[in-house]
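J.: Pasting the sequence and the predicted model now:
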Amino acid sequence: MDDPLPDASSNQIEQRALRALGAAPPPWIPELETRAPTGGCSFIRIGDDPVTDQEMYLEVQTGDGQLTSPDVQLDQIIDFVARAPEDIMRLIAEVRCLRG
């Protein structure tokens, strides 16, 4: 049976996640206008200090234009991106555990 995710591939995925987390240390916290409006744009707060301006903004262009806050679709993307590094690390750990 072919391995659907070779160890080399999972190692590369893990390294990309670690590099991203090294550049912008966790936590990555989604601040979503559709869930908790503040009158601004949705973004990802980097780190756990709400006073320090360490933020990541995403711009999404569609065939019909640009998604702008507040927009449920944009917030779904921001929420996914904010949680991706932690989710990836957990999934890789689970794959390794299942493989023994």
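T.: Sure, I can see it.

J.: what about this protein, any weak spots by pLDDT?
T.: Residues of the chain meeting the criterion pLDDT under 70: 1-3.

J.: Is the spatially closest residue to Asp79 that is not a sequence neighbour bridged to anything, and to what?
T.: Excluding its sequence neighbours, the residue lying closest to Asp79 (C-beta to C-beta, 6 or more residues apart in numbering) is Pro30, at 4.6 Å. Where C-beta positions appear, they are placed from N, C-alpha and C, glycine not excepted. Residues in a beta bridge with Pro30, per DSSP bridges, are Ile44.

J.: by contact count, what packs against the lengthiest helix in the chain?
T.: With DSSP state H setting the assignment, residue counts place helix 72-99 as the longest helix in the chain. Judged by 3 or more C-beta pairs under 8 Å, 6 or more residues apart in numbering; DSSP states H and E, helix 72-99 is in contact with helix 7-23, strand 28-31, strand 43-46, strand 60-62, strand 65-67.

J.: Can you add mean neighbour count and give these back as CSV?
T.: Output for the helices and strands packed on helix 72-99, formatted as CSV (neighbours: other C-beta atoms under 10 Å):
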stretch, mean neighbour count
helix 7-23, 13
strand 28-31, 19
strand 43-46, 19
strand 60-62, 10
strand 65-67, 12
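
J.: Dump these into a markdown table; add distance to Val81 as well.
T.: Below are the helices and strands packed on helix 72-99 laid out as a markdown table (distance: least, C-beta to C-beta, whole Å):
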| stretch | distance to Val81 |
| --- | --- |
| helix 7-23 | 10 |
| strand 28-31 | 8 |
| strand 43-46 | 7 |
| strand 60-62 | 10 |
| strand 65-67 | 13 |
